[in-house]
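Student: below is the sequence, then the predicted model.
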Amino acid sequence: MEELILKQKHEDMMIYGYGCLRQFPKSEKHTLSAEIRQSMYEIDKHIIRAQKRYFKKTTLQDLDIEIAHLRTKVRLAKDLEFLPFNKYENWEKMIVELGRMVGGWLKKLPTGS
């Protein structure tokens, strides 16, 4: 059940993120914007893998790493002023929530999973 909530939260975050990416300057549409999109797709792949695998620990750790990469890229977009602070703040909250959910999922795993 938690996996489905995580998937839905991620999809909501992607929709919000796409709205934010639309306002990036043209020069960044195929660079930082594309990398952020790619990170969001990678997170989706890791969520699906984690749902389907019996041994989930490594996949969840990879998911956690990709979420950290996304946070870094979104923060960079804010620092480069491609993203207004209020949109950054909302997006960051969504990313942090995903990270917390993954952390909780990792803690619930039985040892050796």
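Tutor: Perfect, thanks for sending it.
Student: give the contact list for R71.
Tutor: Each residue near R71 by CB atoms under 8 Å, 6 or more residues apart in numbering is listed here: E92, I95, V96, G99. Bear in mind the C-beta positions are built from the backbone N, C-alpha and C, glycine included.
Student: so what secondary structure elements neighbour whatever helix or strand the second one lives in?
Tutor: Using DSSP states H and E, I95 falls within helix 85-108. Packing contacts for helix 85-108, counted by 3 or more CB pairs under 8 Å, 6 or more residues apart in numbering; DSSP states H and E, involve helix 2-21, helix 57-79.
Student: can I get that helix in CSV, CA atoms only?
Tutor: The C-alpha coordinates for helix 85-108 follow below in CSV (Å, rounded to 0.1, in the frame of the first residue of the first chain):
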residue,chain,number,x,y,z
PHE,A,85,12.0,30.7,-4.5
ASN,A,86,8.3,29.9,-3.8
LYS,A,87,8.2,27.3,-6.5
TYR,A,88,11.6,25.9,-5.3
GLU,A,89,10.2,25.7,-1.8
ASN,A,90,7.1,23.8,-2.8
TRP,A,91,9.0,21.4,-5.1
GLU,A,92,11.7,20.8,-2.4
LYS,A,93,8.9,19.9,0.1
MET,A,94,7.6,17.3,-2.3
ILE,A,95,11.1,15.9,-2.9
VAL,A,96,11.8,15.8,0.9
GLU,A,97,8.5,13.9,1.4
LEU,A,98,9.5,11.3,-1.2
GLY,A,99,12.9,10.9,0.6
ARG,A,100,11.2,10.4,4.0
MET,A,101,8.8,7.8,2.5
VAL,A,102,11.7,5.9,1.0
GLY,A,103,13.6,6.1,4.3
GLY,A,104,10.6,4.7,6.1
TRP,A,105,10.3,1.9,3.6
LEU,A,106,13.9,1.0,4.0
LYS,A,107,13.5,0.9,7.8
LYS,A,108,10.6,-1.5,7.6
